[in-house]
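Colleague: Return atomic coordinates for the entry below.
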Amino acid sequence: MKNKIALVSFILLLSVSFAKAQKTVVKANMLSPLVRTGSFFVEHQLNDNSSLQLGLLYTGKTWDDTKIRGWGVTPEYRFYLSDSPAPEGFFVAPYARYLNFKLENDANDEAKMKGLGAGLIIGQQYIFKERVSFEWFFGPGYTNIDLDVESGVEDDFDTGSWDGFTLRAGITLGIAF
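Modeller: This next block holds a predicted model:
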């Protein structure tokens, strides 16, 4: 519980510090609810060609008979290749990802799943009327999952699409300030 409070406090502090600067975008992935996940981002311009983005996700989805509950953090560094200054235009972004989930199956077996991964996305971000952002992105990634079974056996849990090679994609809407 202390880790969750510390993480939320850090994110809020980061968001407040970004909110005082120009060229910051706060956004939500509109595709995430399709897989019972909330995915939110704060992006901040570093210069005309680059930005940093921090993404947070929380999931409460089920794969077959495995309930997955937990959170993840995804920092990324964006290189903007357009004529317009960041955070608008076409970008390429390497990213890292940390996942921390609790799994439970129909037999009430439990496990903890942690994952560390990385990948590369491409995308395009549009800023309308200097306030509204719209973005699409996609790209490959790889996540290495560590499963710590508390009760039951490892084969009792379906880690779904979290383990191994993945495709990360999204469509975001947000506010720029």
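Colleague: Give me the nearest residue to Tyr95, chain neighbours excluded.
Modeller: Glu76 (3.6 Å; C-beta to C-beta, 6 or more residues apart in numbering). C-beta: built from backbone N, CA, C; applies to glycine.
Colleague: Show me what the helix or strand containing Phe79 is packed against.
Modeller: Using DSSP states H and E, Phe79 sits within strand 66-80. Where contact means 3 or more C-beta pairs under 8 Å, 6 or more residues apart in numbering; DSSP states H and E, strand 66-80 is packed against helix 2-19, strand 50-63, strand 89-105, strand 110-128.
Colleague: closest one to Thr37 among these?
Modeller: strand 50-63 (4.2 Å; C-beta to C-beta).
Colleague: So in that sheet, which strands flank the closest one, and in what orientation?
Modeller: Strand pairing for strand 50-63, using DSSP bridges, gives strand 37-47 (antiparallel), strand 66-80 (antiparallel).
Colleague: Between strand 89-105 and it, find me the angle.
Modeller: Interaxial angle, strand 50-63 versus strand 89-105 (axes from the mean of the first three to the mean of the last three C-alpha atoms, to 10 degrees): 30 degrees.
Colleague: Residues in contact with strand 50-63: which ones?
Modeller: If you take C-beta atoms under 8 Å, 6 or more residues apart in numbering as the criterion, strand 50-63 is touched by 11, 14, 23, 32, 35-46, 67-80, 86-87, 93, 95, 101, 158-160.
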